[in-house]
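In: A predicted structure for the sequence below; I have some questions about it.
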Amino acid sequence: MAVLISILVPLACAALLCACAYIAYRLGLEEGRQRGMSEAYNLYVSAGAIKDNARSKITRDVSSTHVAIGSTLLALASSAFLYMIPAKPVDHSLHGVFRRWQGEAWVIVIKYPQRQLREAKLYEDDVLVGPANSDPQDISAKGRGLYRLYKEADETAPILMFSSSDNTDPNTNGRKYRLE
């Protein structure tokens with residue numbers, strides 16, 4: 001399915017680009033015909049009212065209209081197309097190296113924002129551990145899945161202090177940890 005999407009998305013974008021360019025071109029031609037631009041232009045040129053340098057200005061104005069219409073149509077079509085692509089779920093897995101704090105306690109900096117630090121839950125291989133907001137001394141001394149998520153005033157990112165459920169090294173025990 002992923003391979004099919006990776007092929008279809010660029011093809012659909014290219015088709016939208018071509019369709020928008022064609023529509024913008026046709027709109028520009030049709031608008032010019034409806035306003036009688038070509039007849040008025042020919043009348044002014046034959047009367048000598050438009051000099052050679054003014055001809056290029058009129059051509060630039062029509063080209064600018066085509067570009068503006070085409071860009072607007074492309075932006076709208078692309079936005080609609082991107083809206084239809086399903087969003088990937090947020091990965092809350094903890095990636096990186098867990099550093100030993102002391103005793104059974106390990107720490108890691110949380111790289112994605114947590115709205116409510118007090119309500120975040122830690123999972124070890126899809127099993128809820130805890131209790132949350134434990135005392136750092138208890139985490140260090142007892143371990144057994146206790147954890148605390150906090151942010152100090154002088155720090156820019158929250159920190160998770162935790163212990164694994166069996167007090168093993170989370171870097172080598174083969175378990176996956178995530179916050180939700």
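Out: Cool, got the structure.

In: Going by C-alpha atoms from here, please, whenever you check contacts or count neighbours.
Out: Will do.

In: what about residue 134, is that helix, strand or coil?
Out: coil (DSSP: H, G, I helix; E, B strand; the rest coil).

In: Quick check: next helix or strand after the helix or strand harbouring residue 76?
Out: Take DSSP states H and E as the rule and residue 76 turns out to sit in helix 52-84. Going down the chain from helix 52-84, the next helix or strand is strand 99-102, by DSSP H and E.

In: ok, that following strand: who's next to it in the sheet?
Out: Applying DSSP bridges, strand 99-102 is found paired with strand 105-109 (antiparallel).

In: what's the domain layout of this protein?
Out: With domains defined by automatic domain parsing, the chain comprises 2-84, 99-179.

In: If you average pLDDT over each of those domains, which is lowest?
Out: Among those, domain 2-84 carries the lowest mean pLDDT, at a mean of 63.

In: from memory residue 109 sits against residue 160, does it?
Out: Yes: contact criterion CA atoms under 8 Å: residue 109 and residue 160 qualify, at 6.3 Å.

In: Same drill for those two, tell me which one is more crowded.
Out: Applying other CA atoms under 10 Å to residue 109 and residue 160 shows that residue 160 carries more neighbours, namely 23 against 20.

In: which residues touch that one?
Out: If you count contacts by CA atoms under 8 Å, 6 or more residues apart in numbering, residue 160 has them with 107, 108, 109, 110, 147, 148, 149, 150.

In: can you pick the most crowded of the residues you listed?
Out: Busiest of the contacts of residue 160 [other CA under 10 Å] is residue 147, holding 28 neighbours.

In: Kindly export stretch 96-105 (C-alpha atoms) in PDB.
Out: Included here for stretch 96-105 are C-alpha records, laid out as PDB according to Å, rounded to 0.1, in the frame of the first residue of the first chain:
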ATOM      1  CA  GLY A  96      17.900   7.900  22.300                       C
ATOM      2  CA  VAL A  97      20.200   6.900  25.100                       C
ATOM      3  CA  PHE A  98      18.900   6.600  28.600                       C
ATOM      4  CA  ARG A  99      21.400   8.000  31.100                       C
ATOM      5  CA  ARG A 100      21.900   6.600  34.600                       C
ATOM      6  CA  TRP A 101      21.000   9.100  37.200                       C
ATOM      7  CA  GLN A 102      21.800   7.100  40.300                       C
ATOM      8  CA  GLY A 103      20.700   3.700  41.700                       C
ATOM      9  CA  GLU A 104      17.900   2.300  39.600                       C
ATOM     10  CA  ALA A 105      17.000   5.700  38.100                       C
END
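
In: Pull out the buried residues from it.
Out: Within stretch 96-105, the residues that count as buried by 16 or more other CA atoms under 10 Å are 98, 100, 104, 105.

In: Check what pLDDT the first one gets.
Out: By that I understand residue 98. Turning to residue 98, the model gives it a pLDDT of 94.

In: Please state the backbone phi and psi of residue 165?
Out: Here is the backbone geometry of residue 165 (degrees, to the nearest 10): phi -70, psi -30.

In: I appreciate the help and will end here.
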